[in-house]
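Trainee: Okay, predicted coordinates and the sequence, questions at the end:
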Amino acid sequence: MTAAASDTKRSVTDMLTARRGGTSWHWTDIFTYVYLAFGVCLMFGPVIWLALSSFKTPAGLLEFPPTLLPLGQIEVAVEGYDDPLPLYKVTMEDGTVRELAQIRRVGIIAQMVDPAAPEERLKVPIANREPIREFRMAWENYTKPLERFNFLQYLNNSVIVTVVATAITLLINSMAAFGLSIYEFRGRNAVMLFVIGTLMIPITIILVPAYLVVTQLNMVNTLWAVILPGAATPTGVFLLRQYMLTLPRDLIEAARMDKASEWAIYWRIVLPLSLPAIAVLAIFSVMWRWNDFLWPLVVLNRNEVYTLQIGLNAFQGELDVQWHYVLAMTVVTLIPVALVFAFLQRFITTGIASTGMK
Amino acid sequence: MAHNSTAQSDEMSLGDRFNAVAAWPMRILFGLLDRPFRAIQRLFGIERMPYIFLLPNLAFFGLFVVVPLFINFAFSATGGTNLFLADRPFVGTEQYRYLADCGSYLDPSTCREDRFWRGIYNTITFVVFQVAFMVLFSLVTALILNRKIRGRGFFRAAFFFPVLLSPVVVALIWKWILLRDGVLNAGLTSIGLDRILFFVDPTWSMFWAIFVSIWAHMGFYTLILLAGLQAIPPDLYEAAEMDGTKRERIFWRITLPLLWPNLLVVIVLALIKAVQIFDEVFVLTGGGPGTATQFIVQYIYTTGFSNQVQNFGLAAAASVVLGVVLFALTLMQLAASRRREDN
């Protein structure tokens, strides 16, 4: 009964909205594309706005309402003046509009000169002039922090932490996974349970005692304090073990027959075969380390050991925020992640979808 | 089957690429360890080798996770400002009693440690709204991405990429938009509205804290739900369509029940993450204005590390409280994922 009623209703709407090919429009079709268009703007828009803003001069950043593109005032070399002079569009008293270069400004009067006729000086009220601008990228936002601040040091620290920590993580996690997947031994299930258990202990609930351990080991304000505590990731052991369990056992048995040592079996046979899983863990580890925040914030208190994230946070927390530098440094911090994403997106998404972890 | 084989070849090519750049230094390093490990094997015998392979990883776990977990209780039972346990006087449950000392639990200003309670109430507000809207938007996005649309890979990437951004970068991107002279206020004034000082108004600050964290993490949950949707057998839909079932009915009767185990996992994972919210909001609002967006993890951090007087005992007690909450949530997660595997 109800099915028949809905059928007739369907046929009426089908007739009104019929398309070639026989399928009919549904409100969800329109909703889909509106949602996707809006979603793409909301996701990419803020990042594009950051990138555009990072090329603006400090004066450009202060403008309200802001311009879309980074603009810079055109400067011209004028005969008889050492430095290039900024160019303005000036409305003269008789109503004509001329392009003049400004020599200096005294109060509300600007002294100006026509670049074509540099001998004659003109006095113009500043209300009558308007800067002539062109699209110009303020690369100095990127180059200056490199010279002036510890930015290069932060970058360096972040790279060291990421590379060393990832190397240690790959080594000890793959060793543990090897032990847990290739051998049958007493206590294997207990160790596995232990690994899964530690998966559930986030750093947020052991902040104070972990700090004590790091202090006892004399590692506060060294990069080791950031590198070591997170090196044994339960996620990594779990991921690698699941992969190693699928490897053929005959290969290992054959190697043992040939008197290969256990270490040789590990690094000559199992490790090369597990490279796909190890690569996934490497990507994850790089992302974790590069983006790490709370723990470095606790153990790094001296400027020279700051990582990029901590340095950036310190910069944006200053009383007088130098946004032109902060924005440029944010872009630099974002670039490695953008590269990883551009080239390895597929693997990250399949990795997350299959393990449910990030 | 076909899908499986492409995934396999993807993985292989990633392995190859990894091999080209990183595998050889790794293998040199591991080669250097060859000799010492041969000696160890001769010393302990082959049957003890699994323990040797496990040792470094377990040592790190023990030193930096398990031992701290137990010391945490010791910290919460001692007082004073000394970091080293031996110099801290035993105070029993005093830290917990101090945290719980309230005139009325519904009104944080009557509590001795009002910042703790404000942190708890802020966290509850945040968790309720953030998880609800996060799950809602991830579900809608996953449903849309699961349709036959052109450029699906691009759209999926668009919703996913903020997951990889660092919390500091996420916060700075949005802070720049929301400032007094930011582009959002420029938009508001251009349509004739007044500027809003988002970070001066407590309600707006909480709104943006929730919004920004959803923006940053939505893609992760969308991905899990999308995988769940794609695992629903297509013949169910075909059968329903042949019967002329309405789309709404298909959604409520087929999609939602079959997605439910995944949805449950997503809800619990989102809860676990939301309870621990700190990074993005700390950089975005600094917990302000006042304590309007100060959450429980920030309370632990400021109490233990950034205040003039570092009160480790109180911070440890607060993190034990947080740990209990997370433990309960984790049990829920285990139950949820067991249900997912059963189905």
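Mentor: Yep, that arrived.

Trainee: Quick check: next helix or strand after the helix or strand where A:Arg289 lies?
Mentor: Using DSSP states H and E, A:Arg289 sits in helix A:275-291. Once helix A:275-291 ends, the next helix or strand along the chain (criterion: DSSP H and E) is helix A:294-299.

Trainee: tell me the pLDDT at residue 186?
Mentor: As the question left the chain open, I've gone with chain A. Confidence at A:Arg186, expressed as pLDDT, is 86.

Trainee: other chain: chain B
Mentor: With respect to pLDDT, B:Ala186 scores 87.

Trainee: With A:Thr169 instead?
Mentor: 93.

Trainee: could you pull out the helices for the stretch 101-250 of chain B?
Mentor: B:114-145, B:152-160, B:167-178, B:183-190, B:202-230, B:234-242, B:247-250 (DSSP state H, counting those that start in this stretch).

Trainee: Pretty sure A:Pro118 sits in a strand.
Mentor: Yes: membership of A:Pro118 in a strand is supported by DSSP: H, G, I helix; E, B strand; the rest coil.

Trainee: so how far is chain B from it?
Mentor: 38 Å (C-beta to the nearest C-beta, to the nearest Å). For every residue, glycine as well, the C-beta is placed using N, CA and C.

Trainee: Would you agree that residue is in contact with A:Gly80?
Mentor: Yes: under the criterion of C-beta atoms under 8 Å, A:Pro118 makes contact with A:Gly80 at 5.3 Å.

Trainee: higher neighbour count, the two?
Mentor: The neighbour comparison of A:Pro118 against A:Gly80 (other C-beta atoms under 10 Å in any protein chain shown) goes to A:Pro118, with 15 against 8.

Trainee: Helix, strand or coil: sort out the closest residue to the more buried one other than its chain neighbours for me.
Mentor: Nearest residue to A:Pro118, sequence neighbours excluded (C-beta to C-beta, 6 or more residues apart in numbering or on different chains): A:Glu79, at 4.6 Å. Under three-state DSSP, A:Glu79 falls in the coil class.

Trainee: if I read this right, A:Glu79 contacts A:Asp114, doesn't it?
Mentor: No: counting by C-beta under 8 Å, A:Glu79 does not reach A:Asp114; the two are 11.1 Å apart.

Trainee: Neighbour count: those two, which is higher?
Mentor: Using other C-beta under 10 Å as the criterion, A:Glu79 and A:Asp114 rank with A:Asp114 on top: 16 against 10.

Trainee: Quick check: the more buried one vs chain B, distance?
Mentor: A:Asp114 is 35 Å from chain B, by C-beta to the nearest C-beta.

Trainee: Just grab the bridge partners of the closest residue to that residue other than its chain neighbours for me.
Mentor: Closest residue to A:Asp114 apart from its sequence neighbours, by C-beta to C-beta, 6+ apart: A:Leu100 at 5.7 Å. On the basis of DSSP bridges, A:Leu100 is bridged to A:Tyr88.

Trainee: ok, B:Phe84 touching A:Leu212?
Mentor: Yes: under the criterion of C-beta under 8 Å, B:Phe84 makes contact with A:Leu212 at 7.4 Å.

Trainee: before we move on, the earlier item: format the helices of the stretch 101-250 of chain B as a markdown table; extra columns: mean neighbour count.
Mentor: Shown next, in a markdown table, are these (neighbours: other C-beta atoms under 10 Å in any protein chain shown):
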| stretch | mean neighbour count |
| --- | --- |
| helix B:114-145 | 20 |
| helix B:152-160 | 18 |
| helix B:167-178 | 25 |
| helix B:183-190 | 15 |
| helix B:202-230 | 21 |
| helix B:234-242 | 11 |
| helix B:247-250 | 12 |
